[in-house]
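[1] need a structure here:
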Amino acid sequence: MDLTELEALVESELPDATVEFSRARGPEDDDHLAATVVSSAFEGESLVNQHQLVYDALGDRMTTDIHALELKTYTPDEYDS
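    Alright, predicted model coming up:
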């Protein structure tokens with residue numbers, strides 16, 4: 001699975017998003033991922049809603065390509081502080 005493709009997918013769905021994916025358990029494990037997503041779309045949203053926005057952006061990949069996702073979401077102000 002190409003992590004840059006996943007990053008581009010989320011960035012295309014969330015305004016002003018900065019996304020970084022990595023392998024959660026090492027390079028040999030393709031379906032356990034970690035991601036940090038910073039977007040103004042998260043402002044005023046609960047943590048659950050922030051994560052749901054990312055899952056929605058990933059679409060079917062959450063059920064076909066990704067087994068587990070360790071997700072950290074931030075608004076730009078939260079990330080800068």
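
[2] What segments of the protein are helices?
    Applying DSSP state H to the chain gives helices spanning 3-13, 47-58, 61-64, 76-80.

[3] tell me the angle the first one makes with helix 47-58.
    Read that as helix 3-13. Per axes from the mean of the first three to the mean of the last three Cα atoms, to 10 degrees, the angle that helix 3-13 makes with helix 47-58 is 110 degrees.

[4] Would you mark the buried spots in helix 3-13?
    By 16 or more other Cβ atoms under 10 Å, the buried positions in helix 3-13 come out as 6-7, 9-11, 13. In this view, the C-beta of every residue, glycine as well, is placed from N, C-alpha and C.

[5] From the chain's centroid, how far away is stretch 58-78?
    When C-alpha coordinates are averaged (Cα atoms, centre = their mean, to the nearest Å), stretch 58-78 and its chain have centres 3 Å apart.

[6] how far does it stretch from start to finish?
    Criterion Cα to Cα, to the nearest Å; first-to-last residue distance in stretch 58-78 is 23 Å.

[7] Can you tell me what sits against that stretch?
    By Cβ atoms under 8 Å, 6 or more residues apart in numbering, the list of residues contacting stretch 58-78 from outside reads 1, 6, 9-10, 16, 24, 30-40, 42-43, 47, 50-51, 53-55.

[8] Check the residues you listed for burial and list the buried ones.
    Judged by 16+ other Cβ under 10 Å, buried ones among the contacts of stretch 58-78: 6, 9-10, 33, 35, 37-39, 42, 50-51, 53-55.

[9] Next, format these as JSON lines and append distance to residue 70.
    As requested, the buried ones among the contacts of stretch 58-78 are arranged in JSON lines below (distance: Cβ to Cβ, whole Å):
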{"residue": "6", "distance to residue 70": "14"}
{"residue": "9", "distance to residue 70": "18"}
{"residue": "10", "distance to residue 70": "15"}
{"residue": "33", "distance to residue 70": "7"}
{"residue": "35", "distance to residue 70": "7"}
{"residue": "37", "distance to residue 70": "12"}
{"residue": "38", "distance to residue 70": "16"}
{"residue": "39", "distance to residue 70": "17"}
{"residue": "42", "distance to residue 70": "17"}
{"residue": "50", "distance to residue 70": "14"}
{"residue": "51", "distance to residue 70": "11"}
{"residue": "53", "distance to residue 70": "16"}
{"residue": "54", "distance to residue 70": "12"}
{"residue": "55", "distance to residue 70": "13"}
